[in-house]
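>>> Sharing a model that was predicted from the sequence below.
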Amino acid sequence: MNIVENFDLFAPRLINKKELFSCGHRACSGCAEVLSVRLMCKALGDNTVVASATGCMEIVSSMFPTTAWRIPWIHVAFENAAAVASGVEAGLKALRKKGKIDDRYIKVVGMAGDGGTMDIGIQALSGAMERGHDMIYVCFDNEAYMNTGIQRSSGTPMGASTTTAPAGKASSGQKTWKKNMPEIMVAHEIPYVATVCPSYPLDFIRKFEKARSIEGPSYIHCFSVCPTGWRSPSETAVSMGRLAVETGVFPLFEVENGHYRMSADMPKKLKPLRSYFKPQGRFRHLTDAEIDAIQERVTAEFNKLTQKAKFL
């Protein structure tokens, strides 16, 4: 791993006050994903190019003839954000080598939702990571295809009710466990993998700054509360994100050159899963026995993770 910029984990730094993702977009009230994009842009700064797959963020940010993006941004197809980002990275490298652009460092970012990352876009993502492009890929995970009508994805958690996996007499909603995308990326042996949640903005910004400082591929998995799709109150997006972390549903950790580390914001003792499920309509149908079974799985997965890691 080559370091492009010096990065000190504990050094105090000022948060960028510049708004590179502007107000005036059309995101739903309480959307945590748009908050995440705003924080990402603050962390990465001006010298950034973003390739964004079709999804909520493309729709809300690019209503012709306006845009909310104040950095170079490319809208690409649902499945190929990673492929386009890797092509941009290679093109910038070639232009810089030929002296056709100046020598400043530009970070290329590919971004998509859970569907565009974990389902339809996984082959392009795997290829980009395997080739070792100097780029960051970000999955904004709101746990379903929200932009097209709340259809289930492989990021939808067990038991959640969606329009294509509805709860009813014959079904309790989603029947499969959520795909563990961060671990799939760790298996690619890339320099940096991290999970983030905008409910913890300082941890969020620190991890994006670190990813930017690394020459080579980085993967960041961002938990994005969706009040519309989860049927939860819009004013609870930040508190819901905190509950996901505090219950172990979405642990905050990072893996740097194969070494796991839990984030300082992770609690030493997890809250019960029921406190996270209760405010969400998508879990309202679950029985106590079903919740207990999911709780057992969440606890086991969290324990497995903490065995690999250590608290800061």
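That came through, no problem.

>>> where along the stretch 101-250 of the chain do the helices fall?
With DSSP state H, counting those that start in this stretch, the ranges of helices along the stretch 101-250 of the chain come out as 114, 122-131, 181-186, 201-213, 227-230, 237-246.

>>> Minimum distance to Phe283: which of these has it?
When these are compared by Cβ to Cβ, helix 227-230 sits nearest Phe283, at 8.6 Å. The way it works is simple: take the backbone N, C-alpha and C, and place the C-beta from them, glycine included.

>>> Tell me which other helices or strands the closest one touches.
Applying 3 or more Cβ pairs under 8 Å, 6 or more residues apart in numbering; DSSP states H and E, one finds that helix 227-230 contacts helix 237-246.

>>> so where do the strands sit in the protein?
2-3, 48-53, 73-76, 107-113, 135-141, 167-168, 171-172, 192-196, 214-215, 218-223, 253-256, 259-262 (DSSP state E).

>>> How about Leu125, nearest residue that isn't a chain neighbour?
Distance criterion Cβ to Cβ, 6 or more residues apart in numbering; nearest residue to Leu125, sequence neighbours excluded, is Ala82 at 4.1 Å.

>>> so that neighbour sits right up against Glu130, yeah?
No - using Cβ atoms under 8 Å, Ala82 makes no contact with Glu130, being 10.7 Å away.

>>> higher neighbour count, the two?
Per other Cβ atoms under 10 Å, whichever of Ala82 and Glu130 has more neighbours is Ala82, with 30 against 12.

>>> Mind telling me which residue is nearest the centre of this protein?
Closest to where the C-alpha atoms of the chain average out (Cα atoms, centre = their mean) is Cys222, at 2.1 Å.

>>> what's near enough to touch that one?
By Cβ atoms under 8 Å, 6 or more residues apart in numbering, Cys222 lies in contact with Glu33, Ser36, Met40, Val138, Cys139, Phe140, Asp141, Thr195, Val196, Cys197, Pro198, Phe204.

>>> Pairing-wise in the sheet, spell out the partners of the fifth one.
Bridge pairing for Cys139 (DSSP bridges) gives the partners Ala112, His221.

>>> so who does it touch?
Cys139 makes contacts with Met111, Ala112, Gly113, Asp114, Thr117, Met118, Met181, Tyr219, Ile220, His221, Cys222, as judged by Cβ under 8 Å, 6+ apart.

>>> Can you convert the strands of the chain into TSV and add a column each for distance to Gly155?
Output for the strands of the chain, formatted as TSV (distance: least, Cβ to Cβ, whole Å):
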stretch	distance to Gly155
strand 2-3	32
strand 48-53	14
strand 73-76	20
strand 107-113	8
strand 135-141	5
strand 167-168	18
strand 171-172	18
strand 192-196	13
strand 214-215	25
strand 218-223	9
strand 253-256	17
strand 259-262	21
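
>>> Which of those has the highest mean neighbour count?
Greatest average neighbour count among these goes to strand 107-113 (a mean of 29), per mean count of other Cβ atoms under 10 Å.

>>> Check which helices and strands that strand sits against.
Other elements packing on strand 107-113 under the criterion 3+ Cβ pairs under 8 Å, 6+ apart are helix 32-44, strand 48-53, helix 56-61, helix 81-97, strand 135-141.

>>> Could you tell me the least trusted of those?
Note on those: helix 56-61 shows the lowest mean pLDDT, a mean of 94.

>>> any idea how far Val49 is from Leu273?
The gap separating Val49 from Leu273 is 40 Å, by Cβ to Cβ, to the nearest Å.

>>> so where's this protein uncertain?
The model of the chain has pLDDT under 70 over residues 1-13, 311-312.

>>> Excluding chain neighbours, what is closest to Asp114?
Sequence neighbours aside, Gly155 is the residue nearest to Asp114 in space, at 3.2 Å (criterion: Cβ to Cβ, 6+ apart).

>>> Can you give me the neighbour number for the one you found?
Gly155 has 23 nearby residues by other Cβ under 10 Å.

>>> Could you pull up the contacting residues of it?
Contacts for Gly155 (Cβ under 8 Å, 6+ apart) come out as Asp114, Gly115, Thr117, Met118, Asp141, Glu143, Ala144, Lys178, Lys179, Met181.

>>> thinking again about what came up before, closest to Phe283 out of the strands of the chain?
strand 167-168 (8.9 Å).

>>> Please name the strands paired to the closest one in the sheet, noting orientation.
Assessed with DSSP bridges, strand 167-168 is paired to strand 171-172 (antiparallel).

>>> what's in contact with the strand it pairs with?
With contact meaning Cβ under 8 Å, 6+ apart, strand 171-172 is reached by Gly159, Ala165, His285, Leu286, Thr287, Glu290.

>>> of the residues you listed, closest to Ile71?
For the contacts of strand 171-172, the nearest to Ile71 is Ala165 (36.5 Å; Cβ to Cβ).
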